[in-house]
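Engineer: sequence and computational prediction follow.
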Amino acid sequence: MYRTDETGFGEIKVIQKKGYGYGVDAVLLAAFTAGETGAAGIGMTGIDENVSGRAPVTVRIADLGTDCGIVAFILAHKIPGSYVLGIEKRSEAADRAREAVLMNGFEDRISIITADVNEIADGDKTAILSSFDAVVSNPPYFRKGSAIPSSSSDRFTARHETTAGIEGFSRAASAMLKTGGSFFLIHRPDRLADIFTSLRAADLEPKEMQMVLPHPGEPANLVLIHAVKGAGPQLKMLPEITVHNADGSYTESILRIYERY
């Protein structure tokens, strides 16, 4: 029913359901957050100058909807000095993520809790409010009621808004962030109006946006967004990312993100 998979990021492994696993969107989100795609990510801003040069300082990151924990693991790998809290509403998925934390020896770097996004948005989880430098999320892309549930309940929950939509994820991110903290998310371009409306309503100002194209010349099917809590309006468009070459192979930029180039 479950399998243990190598990620290619160091020796990190994840535990996933057979027939259902993480995709390139999770890897893109982690790279975007770490500043590897050109954004002012936490990996570029979470540093300090000291007598020995530029050294990482501790940054607290929350991963909303962590599932198997893949984004949390990649962030811990890419951003030295970071602590990541993975938040997952499904207890079975949270248990698998916790098992993987132990398997990878990340007990001091990653924690997993079981909680619903709406609980955080409504201020019910007081211990984690206003305590994070960054929040990341790969939220459900499709509106509630927009499709027939698939045979895999996990797959349907991951892709469709069931209990919480982009408004709830935005409110939860804002509740957890310190003023000036960053929210990094990946979503679909056809939801941009909903995304920007929800972000601003939660005092999260969009600062950077990066389109992701599946193949050269095709319309973008994913968008990466960086918003800052309490910031003023000014949106920067970053260069597009293309995932596949014309022959279907990964582009050089994607191979670099996967640390395989």
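Structural biologist: Everything's here; your move.
Engineer: could you pull out the buried residues of stretch 65-82?
Structural biologist: Buried residues in stretch 65-82, counted by 16 or more other Cβ atoms under 10 Å: 65-79, 82. Yep, even glycine has a C-beta here, placed from its N, CA and C like the rest.
Engineer: right, I mislabeled it, should have said stretch 8-24
Structural biologist: Neighbour-count burial for stretch 8-24 flags 9, 12, 14-17, 22, 24 (criterion: 16+ other Cβ under 10 Å).
Engineer: name all residues that make contact with residue 60.
Structural biologist: For residue 60, the contacting residues are 82-83, 85, 131-134, by Cβ atoms under 8 Å, 6 or more residues apart in numbering.
Engineer: and residue 117, how far from residue 26?
Structural biologist: According to Cβ to Cβ, to the nearest Å, residue 117 and residue 26 sit 17 Å apart.
Engineer: ok, now residue 106?
Structural biologist: From residue 106 across to residue 26, the span is 17 Å (Cβ to Cβ).
Engineer: which of those two has more residues huddled nearby?
Structural biologist: Neighbour comparison, residue 106 and residue 26: the larger count goes to residue 26, with 22 against 19 (by other Cβ atoms under 10 Å).
Engineer: hmm, the more buried one is touching residue 69, no?
Structural biologist: No: assessed by Cβ atoms under 8 Å, residue 26 is found out of contact with residue 69, at 10.0 Å.
Engineer: ok, back up a step: top of the contacts of residue 60 by neighbour count?
Structural biologist: Compared across the contacts of residue 60, residue 134 has the highest neighbour count, 29 neighbours, by other Cβ under 10 Å.
Engineer: now do the contacts for it.
Structural biologist: Contact analysis of residue 134 by Cβ under 8 Å, 6+ apart lists 33, 42, 59-62, 177, 181-184.
Engineer: ditto for residue 16
Structural biologist: Contacts of residue 16 by Cβ under 8 Å, 6+ apart are 2-3, 5, 22, 68, 96.
Engineer: could you list which of the buried residues of stretch 8-24 belong to strands?
Structural biologist: Residues of those located in strands (DSSP state E): 14-17.
Engineer: quick revisit: could I get the contacts of residue 134 as a markdown table with distance to residue 141, secondary structure and pLDDT?
Structural biologist: A markdown table is the format used below for these (distance: Cβ to Cβ, whole Å; DSSP: H, G, I helix; E, B strand; the rest coil; pLDDT from 0 to 100):
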| residue | distance to residue 141 | secondary structure | pLDDT |
| --- | --- | --- | --- |
| 33 | 18 | helix | 97 |
| 42 | 23 | helix | 88 |
| 59 | 27 | strand | 94 |
| 60 | 27 | strand | 95 |
| 61 | 22 | strand | 97 |
| 62 | 20 | strand | 97 |
| 177 | 22 | strand | 96 |
| 181 | 24 | strand | 96 |
| 182 | 21 | strand | 97 |
| 183 | 17 | strand | 98 |
| 184 | 16 | strand | 98 |
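Engineer: of the residues you listed, which is the nearest to residue 234?
Structural biologist: Closest approach to residue 234 among the contacts of residue 134 (Cβ to Cβ): residue 182, at 14.5 Å.
Engineer: chain neighbours aside, what residue packs nearest to the closest one?
Structural biologist: Distances taken as Cβ to Cβ, 6 or more residues apart in numbering put residue 134 closest to residue 182, at 4.6 Å, once the chain neighbours are dropped.
Engineer: please identify the helix or strand for that neighbour.
Structural biologist: Using DSSP states H and E, residue 134 falls within strand 132-137.
Engineer: could you list the alpha-carbon positions for that strand in PDB?
Structural biologist: Provided in PDB are the C-alpha atoms of strand 132-137 (Å, rounded to 0.1, in the frame of the first residue of the first chain):
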ATOM      1  CA  PHE A 132       7.000  32.100  11.400                       C
ATOM      2  CA  ASP A 133       9.400  33.900   9.000                       C
ATOM      3  CA  ALA A 134       7.900  32.100   6.000                       C
ATOM      4  CA  VAL A 135       4.900  29.900   5.100                       C
ATOM      5  CA  VAL A 136       4.800  27.700   2.000                       C
ATOM      6  CA  SER A 137       1.800  25.900   0.500                       C
END
